[in-house]
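Chemist: below: sequence and its predicted model.
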Amino acid sequence: MVELSREIRRQIGVLIDRHGAVEYVIVGDEKGLFIPELSDYPLGRRLLRGLRFIHTHLKGESFSEDDLTDLALLRFDIMAIIQMHPDDRRLSIQTAALVPDDHTGHPYRVEPSQPLAPFRMDFGSFVSSLEQSLETAVSSEAREVKGGEERAILISVTKQAREEAEDSLEELKELARTAGVAVLDTVIQRPRQFNPRYLMGEGKMREVVIRALQLGATLLVFDQELLPAQVRSISEMTELKVIDRSQLILDIFARRATSLDGKVQVELAQLKYILPRLTGRGVQMSRLMGGIGGRGPGETKLEIDRRRIRDRIAKLERELDELSRGRQQRRQRRVRAGLPIVSIVGYTNAGKSTLLNALTQSEVFTENLLFATLDTSTRRLRFPREREVIITDTVGFIRSLPKSLMGAFKATLEELQDADLLLHLVDCSNPRLEEQIHQVETILEELKLADKPRLVVFNKSDLLPELKRKNPLAHMKVRQLARRYRAMEVSAREPATLGPLLREMENRFWAGETVPWEPLAEDDGEPPDTP
């Protein structure tokens, strides 16, 4: 390698596997080398690539920044440079290898140069010891991760205030937990200007990828929606899976949908999301050219995939229309029966299904997860004086709901159009409850339901005494919001607290009080509660 480098005045490198076989020979220029795609040696869940990289430096220089970045990003077993001194025939060797995260800021250790001739290394025992130390470090960072779970770093790139970014990231953590993803770390960047290629700055993106590889992450999850080109650019930098908030929500919906309606709507939303993000290799994936001079490359695999997806979308939309007509007929029968209809709406995980179960003695699935239930549930609610209403539970709302998902679930939310009363359920123990109320109101406006009679219900009131003890100011804010929104306080887990709510609902229908709803002004003239 040294003799050839001297002859052609270019750097030469070799990639060698753990059996000692040379897998790649790379010829660069005087200053550096371009490492090819290492698709035959994917990382997957491994912490090291299984390749060592040895190359020449013509002027005896040490590792360049690019060398060390490649070591960290490509996870080589070890990197070595043969330092050629131009003024004499001396040869030196310098090595660098990854190290467990010691919070010094560098994921690698560079050894001092030493003469090449006497240099010896027991590579087998070195790499075995290195892998063991890296695995131990990853295990301590992610000791709560189960074997089959994805391990993710959550990333927010925003111009919002840091507090808002942290709130949104906390919600993304909950979404990740719902999807069975273990969160290893979070990153927030607030740039002056978004990078059109990576969303965040390229240098910061490399830092995040290196940190993810150090921690043994398998997934990068962005809180913001990524453009198809951005996903491709980030994927070119790393072999980790790259998804955004929308894709995470779609994955949760795909897991949770159980009814035919839900499955059709989720598949439709997924296909609409995937279609603009499909990429392929173009002409080389098409069938052979034929005829004199060729009659064109024919339909590429990518085009076939796109056409099939468009056909499937059209078919699903027809199915959705048929299902919608079926729901319309069922709703008409309910209207003809003359029974009032109550719909429970609210932010996801506010306790809507739990309240439905408590009011109607049902067994709709509930769990402390975002989007635990996606399918609309309808039950009859009987009042003490032999009066009945139809009560329905709908899918929960969330900020930044994907547009494709919002469109697909409009069919489910059609149930709200016929509602005589909306029960807006709020998790009053959530520190972000005011923002969640605004999010639900915004979505109701988008669905043209803002004028529907509404009753705001603060759920989980059993948690308020603990909140008052730990954070009196937060408790006082809940009380002020309850007055402002004229909210009733209940705990869906404690049936004894539901009596006033049942009486209020009965009065609304049988005392002529279903009037358009609006909150009180910010300053309602009442003195605030003292902590």
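Modeler: The structure has been received and is ready for your questions.
Chemist: wait, is G262 part of a helix?
Modeler: Yes: counting by DSSP: H, G, I helix; E, B strand; the rest coil, one finds G262 located in a helix.
Chemist: roughly how far does it sit from V208?
Modeler: Separation of G262 from V208 (CB to CB, to the nearest Å) stands at 35 Å. C-beta here means a position set from N, CA and C on the backbone, and glycine is covered the same way.
Chemist: any idea which helix or strand comes after the top helix by length along the chain?
Modeler: Among all segments of the chain classified by DSSP state H, the helix with the greatest residue count is helix 301-336. For helix 301-336, the following helix or strand on the C-terminal side (DSSP states H and E) is strand 341-346.
Chemist: chain center to that following strand, what's the gap?
Modeler: 28 Å (CA atoms, centre = their mean, to the nearest Å).
Chemist: which strands and helices sit next to it?
Modeler: helix 352-360, strand 388-393, strand 421-427, helix 433-446 (3 or more CB pairs under 8 Å, 6 or more residues apart in numbering; DSSP states H and E).
Chemist: redo that, cut-off 7 Å
Modeler: With contacts defined as 3 or more CB pairs under 7 Å, 6 or more residues apart in numbering; DSSP states H and E, strand 341-346 has these neighbours: helix 352-360, strand 388-393, strand 421-427.
Chemist: now do the same end-to-end measure for stretch 6-16.
Modeler: 22 Å (CA to CA, to the nearest Å).
Chemist: the host helix or strand of A165 vs helix 433-446, what angle?
Modeler: Using DSSP H and E, A165 sits in helix 162-178. Using axes from the mean of the first three to the mean of the last three CA atoms, to 10 degrees, the direction of helix 162-178 lies 80 degrees away from that of helix 433-446.
Chemist: about what we covered before: so can I have CSV of the helices and strands packed on strand 341-346 showing distance to E267?
Modeler: Listed next are the helices and strands packed on strand 341-346 as CSV, based on distance: least, CB to CB, whole Å:
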stretch, distance to E267
helix 352-360, 23
strand 388-393, 22
strand 421-427, 28
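Chemist: tabulate the ones you listed (CSV), appending mean pLDDT, distance to E504 and mean neighbour count.
Modeler: Shown next, in CSV, are the helices and strands packed on strand 341-346 (pLDDT from 0 to 100; distance: least, CB to CB, whole Å; neighbours: other CB atoms under 10 Å):
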stretch, mean pLDDT, distance to E504, mean neighbour count
helix 352-360, 85, 13, 22
strand 388-393, 83, 12, 21
strand 421-427, 91, 10, 24
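Chemist: how about the ones you listed, which one is nearest Q214?
Modeler: Closest to Q214 of these, according to CB to CB: strand 421-427, at 36.2 Å.
Chemist: please report the number of neighbouring residues for V345.
Modeler: 26 (other CB atoms under 10 Å).
Chemist: my read: it touches V426, true?
Modeler: No: using CB atoms under 7 Å, V345 is not in contact with V426; the gap is 10.3 Å.
Chemist: what do these two both touch?
Modeler: Shared contacts of V345 and V426 (CB atoms under 7 Å, 6 or more residues apart in numbering): none.
Chemist: on that earlier part again, on contacts alone, who are the packing partners of the longest helix of the chain?
Modeler: Using 3+ CB pairs under 7 Å, 6+ apart, helix 301-336 sits against helix 260-274, helix 410-413.
Chemist: when you compare where it runs with where strand 341-346 runs, what's the angle?
Modeler: Relative orientation of helix 301-336 versus strand 341-346 (the same axes, to 10 degrees): 140 degrees.
Chemist: helix, strand or coil for the residue of the chain positioned farthest from its centre?
Modeler: Largest separation from the mean C-alpha position in the chain: D88, at 56.5 Å (CA atoms, centre = their mean). Under three-state DSSP, D88 falls in the coil class.
Chemist: any idea how far it is from G60?
Modeler: 10 Å.
Chemist: tell me the contacts of the residue farthest from the centre of the chain?
Modeler: Applying CB under 7 Å, 6+ apart, we find D88 in contact with no residue.
Chemist: and the gap between it and H57?
Modeler: Distance, D88 to H57, using CB to CB: 15 Å.
Chemist: and stretch 433-448, what's its mean pLDDT?
Modeler: Averaged over stretch 433-448, pLDDT sits at 86.
Chemist: having no further points to raise, I will conclude here.
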